[in-house]
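[1] Next input, structure requested:
(one chain, ligands or ions: 1)
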Amino acid sequence: MNTSALSFRDVHKSFRRHTALAGCTLTVNEGSITGLIGANGAGKSTLMSLAAGLLRADAGTIDVLGAPPARGHISHGVSYLAQHKPLYPSLTVAEMIQFGADTNDDWDNDYATTIATSTGIKPTTRIKHLSPGQRTIVAVALVLGRRPRLLMLDEPMADLDPLARRTVAQILMGDVAEHGTTILLSSHVLSEISDLADEMILLGHGQVHLQGSIDTIVASHYILTGTGDPHTVAGPATLIDTRGTTGLRGHLLRGDAPMIATSEWSLAPATLDDVVLGYLRSDASLEGALG
Ligand SMILES: Nc1ncnc2c1ncn2[C@@H]1O[C@H](COP(=O)(O)OP(=O)(O)OP(=O)(O)O)[C@@H](O)[C@H]1O
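    Residues are numbered from 1 along each chain as shown. Okay, the predicted model is just below:
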């Protein structure tokens, strides 16, 4: 049976009158690399900040490595890299690593230094003179220097070119292989999620639409293509989204595959892109309908 590194049960969080999480229930399995996916404003950063203890939930239960999130400091065994990658521009790489050593009880200096300098980054270079990819590598070295059991990364690769993305991905995969770290990683880039993650959580409107093994989720979705009313052939499957407004339209279905006995319709397995984009589009059209 899977053990959870992080779980939310019916968690609510609002900022003044704006609801960020509205009854969010999820599990991040220990040892998984879980991709956290959602449109802008879906609540990904809020979710991570709650788990890191930087925000307090209005209601619901959060469990991080077997305990509620710590208050005023990040829980033992947890690391969190926020979207803006907090680094001090005027420090050198070596001074930044030393800062990590000075501010963390559990600190593996050799490990942090090895990661920070593994791609030829010089310890004497100032952070402000590093490229975005190099800055990300140093930021990742700092969060891994804590030797976390649970590592949360909020869009760590958003501003990186493909080469730098691959380097960061290799560092993360290396850490997972060596230490069995659980990783929760938010991203807008689906190829990043499919390359790195084995599980996913899809957030929309502050709730979890989908969660679990990426392969299992993708295997339970289909694209039904035809010109008529999809409900006449969808059977017990649920219609999630329709692409196109007239003529030949593609419908994303979830559930048992319907038997198609007519040449007017065709059924194909969905891809991860089909699934994620279908749910995001259906969220967006709901938003539109609600005004
Ligand atoms: N400190 C805050 N004050 C007011 N509203 C906030 C605050 N933080 C987040 N929100 C709102 O809560 C919602 C969820 O925001 P959050 O940053 O968690 O989403 P996200 O999925 O991480 O988005 P993005 O992909 O753009 O980073 C958004 O509508 C956002 O405007």
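
[2] So what touches stretch 124-138?
    Outside stretch 124-138, the residues within contact range by CB atoms under 8 Å, 6 or more residues apart in numbering are 85, 87-94, 96-97, 115-116, 118-119, 121, 156-157, 159-161, 163-165, 167-168, 171. All C-beta atoms are positioned from the backbone trio N, CA, C, and that covers glycine.

[3] Now go through these and say which are in helices.
    Taking DSSP state H, the ones among these that sit in helices are Val93, Ala94, Met96, Ile97, Ile115, Ala116, Leu163, Ala164, Arg165, Thr167, Val168, Ile171.

[4] Compute the number of surrounding residues for the last one.
    Counted by other CB atoms under 10 Å, the residues lying close to Ile171 total 19.

[5] Pretty sure it sits against Val140.
    Yes. Ile171 lies in contact with Val140 (CB atoms under 8 Å); the separation is 5.8 Å.

[6] any residues in contact with both of the two?
    Common neighbours of Ile171 and Val140 (CB under 8 Å, 6+ apart) are Ile115.

[7] Near the ligand, which residues of this protein are found?
    Counting by CB under 6 Å from any ligand atom, the chain comes close to the ligand at Phe15, His18, Ala20, Gly38, Asn40, Gly41, Ala42, Gly43, Lys44, Ser45, Thr46.

[8] Give me the helices and strands touching the helix or strand encompassing the last one, please.
    Using DSSP states H and E, Thr46 falls within helix 44-51. Packed against helix 44-51 by the contact rule (3 or more CB pairs under 8 Å, 6 or more residues apart in numbering; DSSP states H and E) you find strand 4-15, strand 18-29, strand 33-37, strand 59-64, strand 78-81, strand 150-154, strand 182-186.

[9] and the angle for that helix with strand 182-186?
    Orientation check (axes from the mean of the first three to the mean of the last three CA atoms, to 10 degrees): helix 44-51 against strand 182-186 gives 150 degrees.

[10] now helix 44-51: how far from the chain's centre is it?
    11 Å (CA atoms, centre = their mean, to the nearest Å).

[11] Can you pull out the residues in contact with it?
    So helix 44-51 is contacted by 6, 8, 11, 13, 20-21, 24, 36, 38, 55-57, 62, 64, 69, 78, 80, 82-83, 152, 154-155, 184, 186, 203 (CB under 8 Å, 6+ apart).

[12] quick revisit: what subset of the residues of the chain next to the ligand is buried?
    Applying 16 or more other CB atoms under 10 Å to the residues of the chain next to the ligand, the neighbour count classes Ala20, Gly38, Ala42, Gly43, Lys44, Ser45, Thr46 as buried.

[13] Using CSV, lay out those together with distance to His231 and pLDDT.
    Shown next, in CSV, are these (distance: CB to CB, whole Å; pLDDT from 0 to 100):
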residue, distance to His231, pLDDT
Ala20, 34, 94
Gly38, 28, 91
Ala42, 28, 89
Gly43, 31, 92
Lys44, 33, 93
Ser45, 37, 94
Thr46, 36, 95
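
[14] quick check: mean pLDDT across stretch 26-34?
    Averaged across stretch 26-34, the pLDDT comes to 96.

[15] now do stretch 142-151
    96.

[16] Tell me how many other residues crowd Val168.
    So Val168, with other CB under 10 Å, has 22 neighbours.

[17] In contact with Ser194: list those residues for me.
    Ile214, Leu272.

[18] secondary structure class for it?
    helix (DSSP: H, G, I helix; E, B strand; the rest coil).
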